[in-house]
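K.L.:
What follows is a predicted protein model with its sequence.
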Amino acid sequence: MAFDLDSLSEATSGAIGALVSTTVLYPLDTCKTKYQAEVRSHNQLKYRNISDVFWEAISNGQVLSLYQGLETKNLQSFIFQFIYFYGYSFVKKLYLKRSGSKSIGTKANLVLAAAAGACTVVVTQPLDTASSRMQTSEFGKSKGLWKTLSEGTWRQAFDGLGISLLLTANPSIQYTVFDQLKQRLLKGQLRMKKGTESSSVALSAFSAFMLGAVSKCVATCLTYPAIRCKVRIQAAESDENGIKEAQPKTQKTVSRAIHEIWKREGPLGFFKGLQAQILKTVLSSALLLMVKEKITKTTWVLLLALQRYLLITRPRLKSA
C-alpha cells in the first residue's frame, strides 16, 4: 500500500511536535483544566486564579500529580495530530490537483480543515474524555486510562462529542490563519530574495513560533465559551463543586453546562480562565508548529530513505 510521502511527513512531524508541546506544558494544562472545571457554588470558589491550583499541589506535596494523565494526553495528542495533519495535507493536495489551482482559498481551507478535524475527533474522543477526567481528579487520586474509561459506559466515554465536533472550528481557524500568514510572509521573503526558488524558502523557528501564537490566539478567543462548556462536561464527577461519587450522577449535556455556568456565574462565566487558556494553547500551538516546521524536511528525508530501503529489501525477501 502506497502512502503519500509529503502527507506522511507532515503527519509525523506534526505528531512529534504535539508530543513535545504537550509534555513541556502539561503542568500548566492541568492547572488550567482544574480551574476551568470549577463553577461557583454558594458564592464560594476553591480556586480564585490558576496559580491557586499550582500552590495546592505544592502545599499537599503532590507536585508530580500535575502530570496525572500525561500518558493518556500524549497518546491522544499524537493520534489526533497524526491523523489530522495527514488527512488535512492529503485532502488539500488532492483539492489543488483536481481544481488546478496553485493555492487554496480561505473558505476551502476552512472546510477541508474542519472535515479533517471532525474525523479525528470521533476517533480520539474517548482518550480526550479520559485525560480530562484524570486531570480534574483530586491530586494523587487519578486513575489509569482503562480504569477511568471502564467506570462508565461507552456512551459516557464520548461525553462532549457534540461540542468537540463544534470545536473543530478551532484548529480550522488556527491552521487557516497560520497558512495564510505563512504564505504572505514567504512571498515577502521571495520578493526580497529574487532568483531564489520557492522550495528553498522556509520559515525560521522564531517566525513559525510567532505565527503559531497569533493564529491560535485568534482561534481560542472565538471558540472559548464552547471550550469552557466542554471542560465542564468532561470533568471528573468527584471534583464537581465538591459532589461526591456516592451521590447520584446527573447526565452531562451541553444545555446543562450552559445553564449551570449562566445561573451561577453569569455571562462572564463563559470566559472564566480565558487568559490561562490563551497562555497554554498559544504556547502549545506555537511550540508544536515551530517543532513541526523545523523537522518536516528531516522527517521527509528519513521517510524517503525508509521507503527506498523497503523497496530494495522487499524483492529479496520474496526471493528468499
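P.N.:
Nice, I can see it.

K.L.:
Identify the residues contacting F139.
P.N.:
E56, A57, N60, Q62, S65, Q68 (Cβ atoms under 8 Å, 6 or more residues apart in numbering). Heads up, the C-betas are built off the backbone N, CA and C, glycines and all.

K.L.:
could you flag which of these are buried?
P.N.:
E56, A57, S65, Q68 (16 or more other Cβ atoms under 10 Å).

K.L.:
Before we move on, what's the pLDDT of the last one?
P.N.:
pLDDT for Q68: 89.

K.L.:
ok, now the third one?
P.N.:
Turning to S65, the model gives it a pLDDT of 89.

K.L.:
so how far is A118 from the closest residue to it other than its chain neighbours?
P.N.:
With Cβ to Cβ, 6 or more residues apart in numbering as the criterion, S65 has its nearest non-adjacent residue at 4.0 Å, and that residue is F139. Per Cβ to Cβ, to the nearest Å, F139 is found 34 Å from A118.

K.L.:
now swap in G160 and tell me
P.N.:
Taking Cβ to Cβ as the measure, G160 falls 14 Å from A118.

K.L.:
neighbour-wise, which of these two wins?
P.N.:
Using other Cβ atoms under 10 Å as the criterion, G160 and A118 rank with G160 on top: 26 against 16.

K.L.:
hang on, the more buried one packs against R228?
P.N.:
No: distance between G160 and R228: 11.7 Å, which falls outside the contact criterion (Cβ atoms under 8 Å).

K.L.:
Show me the buried ones among the contacts of F139 that map onto strands.
P.N.:
Among the buried ones among the contacts of F139, DSSP state E puts none in strands.

K.L.:
picking that back up, go through the contacts of F139 and name the one nearest D128.
P.N.:
Q68 (15.4 Å; Cβ to Cβ).

K.L.:
quick one: the closest one and Q135 touch, right?
P.N.:
Yes: the criterion here is Cβ under 8 Å, and Q68 meets it with Q135 at 6.6 Å.

K.L.:
Need the residues touching each of those two.
P.N.:
Common contacts of Q68 and Q135 (Cβ under 8 Å, 6+ apart): T30, S142.

K.L.:
can you map out the helices along this protein?
P.N.:
Here the chain has its helices, by DSSP state H, at 5-24, 26-37, 50-59, 70-99, 106-136, 145-150, 154-157, 161-166, 169-192, 205-234, 254-265, 274-319.

K.L.:
Tell me the buried residues in the third one?
P.N.:
Translated: helix 50-59. Buried residues in helix 50-59, counted by 16+ other Cβ under 10 Å: I50, V53, F54, E56, A57.

K.L.:
repeat for stretch 65-84
P.N.:
Buried positions in stretch 65-84, judged by neighbour count with 16+ other Cβ under 10 Å: 65-70, 72-84.

K.L.:
Residue ranges in the protein under the pLDDT threshold?
P.N.:
Within the chain, the ranges that satisfy pLDDT under 70 run 1-5, 40-43, 106, 193-201, 237-251, 307, 309-320.

K.L.:
Nearest residue to the middle of it?
P.N.:
Nearest residue to the geometric centre of the chain (Cα atoms, centre = their mean): S77, 6.2 Å.

K.L.:
I'd guessed it sits against T22; true?
P.N.:
Yes: assessed by Cβ under 8 Å, S77 is found in contact with T22 at 4.6 Å.

K.L.:
do you know how far L94 is from T148?
P.N.:
38 Å.

K.L.:
Looking at the two, which one has more neighbours?
P.N.:
Neighbour totals were compared for L94 and T148, and T148 leads with 22 against 13 (other Cβ under 10 Å).

K.L.:
Find the nearest non-adjacent residue to that one, please.
P.N.:
Nearest-residue entry for T148: A130, 4.7 Å, with adjacent residues in sequence omitted and distances by Cβ to Cβ, 6+ apart.

K.L.:
just L112 next, same as before
P.N.:
V91 (5.2 Å).

K.L.:
how many neighbours does that neighbour have?
P.N.:
The burial count for V91: 17, using other Cβ under 10 Å.
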